[in-house]
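Visitor: Structure of the sequence below:
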Amino acid sequence: MKKTQNQPHLSKVNWRLVKKSLIVILSASLIFVGGFWAGSTISSNTVQLESEFSNETVVEVVKGQLGKSSTFMVQGTRANRVTTPNLLDGVYTYVSSGSSDSEVTGVFKNGDILYKVNETPVFVGVGSLPSYRTLSLGDKGDDVEQLFRMLKDKKSVDGNFAGNFDQRMVDGWRNLQSSVNTPNITDEVRLGQIVFVPKLPMQVSLDNNIKVGSLAYNGTGVISSADGDFKFILQLSTKQLTEAPSGADAIVTYSGKTWSAKIGSVLPQTQEDGQWSSDVYNIEIVSSDGKSQICGGDCDIFEGLDNVMVEVEILLAPKVSGLIVPSSAIYTDTDGTLYVLNPEKEKTEIEVEVTSQGMSVVKGLNEGDKVLITSNETNSSS
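Guide: Numbers count the residues shown, from 1 in each chain. Okay, here's the model as predicted:
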């Protein structure tokens, strides 16, 4: 460590006039200001020095990180949707908000009630084959097996599927209707009383026409559910594009989980007339390899959801760890060498690794060293 006496020396400081002044606090957590951040383990220890010649500040050298990033909240939606119309006529007398034991509104499980038309319940079930007929005793087919699985999930039947709509299923169907206070319980499943969707539990959306008191018509009132992987799209204006450059690394955070990602395609948004917008761009957030899902092995965390809001931090400059000082404490010598001053006005030559938002990561100092900020030197940032 090279130290030399700074000349000319200022007159001796009157230490009786020394007072303590807090000018910066860096904690062990992340400090984020205007897209820049600095993390540190410092407890501040700064002293304001006053003399008849200058107003000076002593700052302690601390460990930390510097970098530059932009953080956005980004909505993720599933790629595909499956829609089914209501098939009953009458008046909507009840509309469900989702499974009673789900923490998220609109999430339904296999066998949950969706709504009632004239007090006739309509249930949601898992199955690839849509409802297309009335089911009754003796019927066979994939839709009958889907119904059996639904009844079993609701504990209305037990055992294995017998290959047809048997008496066990009749009794189970009656039990399920009874559990939702159906006034007119039937042995058969009317067309329209079950809406089959590819996957449950899942958020199921009912359009605005399905509400208590509204008229229900066969073929109207859309029930939709999501399917497929999540797609995360960030929308930015042209002026904001520098905050999300294509290929930049990113960190996605949701409910305590964190995943590595990157910026994928950056395309102008398509308008209703099919033309591209010149003001709004769609920025796709993809996994680091660009192939797998962002959530990796944690995708169960999105179970049952058709849209989520995640935090995306886009890394515009890599994180650099090291010793941090205020950039205002770094000065330039006549030969271009960078240095800092200790409280005794002795120079220590340093190297600057990165500078961001008024702070610098440097080499040539030790943690806990004291450096002087004074207006009587040529600052490196001036």
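Visitor: what mean pLDDT does stretch 117-126 have?
Guide: Averaging pLDDT along stretch 117-126 gives 97.
Visitor: Give me the buried positions along that stretch.
Guide: 117, 120-126 (16 or more other C-beta atoms under 10 Å). Bear in mind the C-beta positions are built from the backbone N, C-alpha and C, glycine included.
Visitor: Please apply the same query to stretch 196-211.
Guide: Neighbour-count burial for stretch 196-211 [16+ other C-beta under 10 Å]: 196-197, 199-206, 210.
Visitor: picking that back up, TSV please, covering the buried residues of stretch 117-126 and showing secondary structure and distance to S69.
Guide: Formatted as TSV, those follow (DSSP: H, G, I helix; E, B strand; the rest coil; distance: C-beta to C-beta, whole Å):
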residue	secondary structure	distance to S69
V117	strand	52
T120	strand	55
P121	strand	51
V122	strand	48
F123	strand	47
V124	strand	42
G125	strand	45
V126	strand	42
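Visitor: a markdown table please, covering those and showing distance to Q357.
Guide: Shown next, in a markdown table, are these (distance: C-beta to C-beta, whole Å):
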| residue | distance to Q357 |
| --- | --- |
| V117 | 61 |
| T120 | 64 |
| P121 | 60 |
| V122 | 57 |
| F123 | 57 |
| V124 | 52 |
| G125 | 56 |
| V126 | 52 |
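Visitor: where are the low-confidence patches of this structure?
Guide: 1-54, 79-80, 102-104, 270-278, 377-382 (pLDDT under 70).
Visitor: Which parts of it are helices?
Guide: 142-153, 167-179 (DSSP state H).
Visitor: For N307, which of those helices is the nearest?
Guide: Nearest to N307, of all the helices of the chain, is helix 142-153, at 24.8 Å by C-beta to C-beta.
Visitor: mind listing what's buried in the closest one?
Guide: 143-153.
Visitor: residues making contact with it?
Guide: Helix 142-153 has contacts (C-beta atoms under 8 Å, 6 or more residues apart in numbering) with 109-111, 123, 125-129, 131-133, 135, 157-158, 161, 164-165, 169, 172-173, 176, 189, 194, 196.
Visitor: Filter the residues you listed down to the buried ones, PyMOL style.
Guide: Burial among the contacts of helix 142-153 is assessed by 16+ other C-beta under 10 Å; the matching PyMOL selection reads:
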select buried, resi 109+110+111+123+125+126+127+131+135+157+161+165+169+172+173+176+189+194+196
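Visitor: Could you pick out which of the contacts of helix 142-153 are located in strands?
Guide: Using DSSP state E, the members of these that fall within strands are 123, 125-126, 194, 196.
Visitor: Need the residues you listed in TSV (columns: distance to N55).
Guide: Shown next, in TSV, are those (distance: C-beta to C-beta, whole Å):
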residue	distance to N55
F123	76
G125	76
V126	73
I194	79
F196	76
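Visitor: ok, back up a step: to V286, which of the helices of the chain lies closest?
Guide: The nearest among the helices of the chain, by C-beta to C-beta, is helix 142-153 at 34.7 Å.
Visitor: Per the annotation, how does the chain divide into domains?
Guide: 3-70+323-373, 87-220, 228-318 (automatic domain parsing).
Visitor: These: which one's closest to G76?
Guide: domain 228-318 (4.2 Å).
Visitor: Show the end-to-end separation of the closest one, please.
Guide: 33 Å (C-alpha to C-alpha, to the nearest Å).
Visitor: Please apply the same query to stretch 320-332.
Guide: First-to-last distance for stretch 320-332 - C-alpha to C-alpha - comes to 23 Å.
Visitor: Most widely separated two among the buried residues of stretch 196-211?
Guide: K199 and I210 (20.9 Å).
Visitor: before we move on, the earlier item: quick one: which of the buried residues of stretch 196-211 is nearest to D249?
Guide: The closest of the buried residues of stretch 196-211, once distances to D249 are taken by C-beta to C-beta, is Q203, at 30.6 Å.
Visitor: doesn't N307 make contact with the closest one?
Guide: Yes. Counting by C-beta atoms under 8 Å, N307 is a contact partner of Q203 at 7.4 Å.
Visitor: what touches both of these two?
Guide: Residues touching both Q203 and N307 (C-beta under 8 Å, 6+ apart): A226.
Visitor: and the strand ranked longest in the chain, what does it pack onto?
Guide: Longest strand in the chain by number of residues (criterion: DSSP E): strand 62-85. Under the contact criterion of 3 or more C-beta pairs under 8 Å, 6 or more residues apart in numbering; DSSP states H and E, strand 62-85 touches strand 36-40, strand 194-197, strand 222-237, strand 307-326, strand 351-356, strand 359-363.
Visitor: let's see it at 7 Å
Guide: When contacts are defined as 3 or more C-beta pairs under 7 Å, 6 or more residues apart in numbering; DSSP states H and E, strand 62-85 sits against strand 36-40, strand 222-237, strand 307-326, strand 351-356.
Visitor: In CSV, list the ones you listed along with distance to N86 and mean neighbour count.
Guide: Output for the helices and strands packed on strand 62-85, formatted as CSV (distance: least, C-beta to C-beta, whole Å; neighbours: other C-beta atoms under 10 Å):
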stretch, distance to N86, mean neighbour count
strand 36-40, 51, 21
strand 222-237, 7, 18
strand 307-326, 23, 17
strand 351-356, 57, 15
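Visitor: Indicate which one of these is closest to T71.
Guide: strand 307-326 (4.7 Å).
Visitor: Mind checking which of the buried residues of stretch 196-211 land in strands?
Guide: Those of the buried residues of stretch 196-211 lying in strands (DSSP E): 196-197, 202-206.
Visitor: which one of these is nearest V62?
Guide: Checking those against V62 by C-beta to C-beta gives Q203 as the nearest, at 46.6 Å.
Visitor: I appreciate the help and will end here.
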